[in-house]
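Enquirer: Got a sequence here, can you model it:
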Amino acid sequence: MNELTKTKIDEFRTAFAAGINGIVKAGEIYVEAIDVDPAIADTFRAEFADCIPASAWSQFEAVGRKWIHPKMIMGGMTDRAKAVHVKRLPYSTQERIFNRERFDLLTGDGTILKIDMLEATRDQVAQLCDGSAIRSIPAQKAWLEARKVKEAQTVKPEVMPYTIAGGKVLFRKGTELTRQEIKRLLQEM
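Expert: Numbering: from 1, shown residues only. The predicted structure is shown next:
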């Protein structure tokens, strides 16, 4: 990396950190104001209607109250399904996630992996997060077992050895039909 690139990356990193800190400070100011007078929320919305969408004010409050990490609203977790799980966790756990801490994940074969939640799959995040905490290894084992039971109970439709479309029958490779199945096929046509 050349010196100009390194300088620009450092400048961007500093500006981005200042932006996140600015959002945190703005959220804290907003929370202080609405704690004194909840009706002032309407004044804030009206004053900043040209640059802050109405839907963002709940995010400012959540950041100001340290309910969600500011990186959550800055796109730190772009997968909505994963973000839903992480937003429910305590702020201190969210902080650990954005500091790239690795968490223990139990695999189906009993191996324990150390994974970064930001790089984890949706299913891995669902396994790790129980809504208010990171699941322990025994809790993950129970979650995996419950998932297996649920999948086993799911009724899978019978795969027919043929399909009917446009008055034609398309047989799958290696298909054998009994007399009764041929009668049923003709009735379906």
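
Enquirer: A strand includes Ala33, no?
Expert: No - the assignment for Ala33, made by DSSP: H, G, I helix; E, B strand; the rest coil, is helix rather than a strand.

Enquirer: can you list the domains in the protein?
Expert: 1-67, 78-87+100-156, 159-189 (automatic domain parsing).

Enquirer: I'd like those written out as TSV, with mean pLDDT, distance to Gln94 and mean neighbour count added.
Expert: For every residue, glycine as well, the C-beta is placed using N, CA and C. Formatted as TSV, these follow (pLDDT from 0 to 100; distance: least, CB to CB, whole Å; neighbours: other CB atoms under 10 Å):
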stretch	mean pLDDT	distance to Gln94	mean neighbour count
domain 1-67	93	9	13
domain 78-87+100-156	91	6	14
domain 159-189	76	44	10
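
Enquirer: Minimum distance to Thr93: which of the ones you listed has it?
Expert: domain 78-87+100-156 (6.4 Å; CB to CB).

Enquirer: chain center to the closest one, what's the gap?
Expert: 12 Å (CA atoms, centre = their mean, to the nearest Å).

Enquirer: Also stretch 76-85?
Expert: 3 Å.

Enquirer: ok, now stretch 57-74?
Expert: 16 Å.

Enquirer: Can you get me the start-to-end distance on that stretch?
Expert: Using CA to CA, to the nearest Å, one end of stretch 57-74 lies 14 Å from the other.

Enquirer: Pull the residues that contact it.
Expert: If you take CB atoms under 8 Å, 6 or more residues apart in numbering as the criterion, stretch 57-74 is touched by 19-20, 23-24, 26-32, 34, 41, 44-45, 56, 76-77, 83, 86-87, 91, 94-95, 97-98.

Enquirer: What of stretch 21-35?
Expert: Contacts of stretch 21-35 (CB under 8 Å, 6+ apart): 40-41, 44, 57, 60-65, 70, 73-74.

Enquirer: same thing but 7 Å
Expert: Contact partners of stretch 21-35, identified using CB atoms under 7 Å, 6 or more residues apart in numbering, comprise Ile40, Ala41, Phe44, Phe60, Glu61, Val63, Gly64, Arg65, Pro70.

Enquirer: element containing the second one, please.
Expert: Here Ala41, judged by DSSP states H and E, is contained in helix 40-47.

Enquirer: follow-up on the earlier one: quickly check the contacts of stretch 21-35 for the two that are furthest apart.
Expert: Ile40 and Pro70, at 21.8 Å, using CB to CB across these.

Enquirer: And Gly108, how close does it get to Thr175?
Expert: 34 Å (CB to CB, to the nearest Å).

Enquirer: same check, this time on Ala152
Expert: Ala152 is 28 Å from Thr175, by CB to CB.

Enquirer: about what we covered before: with distance to Arg184 as added columns, please give the contacts of stretch 21-35 in JSON lines.
Expert: Shown next, in JSON lines, are the contacts of stretch 21-35 (distance: CB to CB, whole Å):
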{"residue": "Ile40", "distance to Arg184": "71"}
{"residue": "Ala41", "distance to Arg184": "65"}
{"residue": "Phe44", "distance to Arg184": "67"}
{"residue": "Phe60", "distance to Arg184": "63"}
{"residue": "Glu61", "distance to Arg184": "61"}
{"residue": "Val63", "distance to Arg184": "62"}
{"residue": "Gly64", "distance to Arg184": "65"}
{"residue": "Arg65", "distance to Arg184": "63"}
{"residue": "Pro70", "distance to Arg184": "62"}
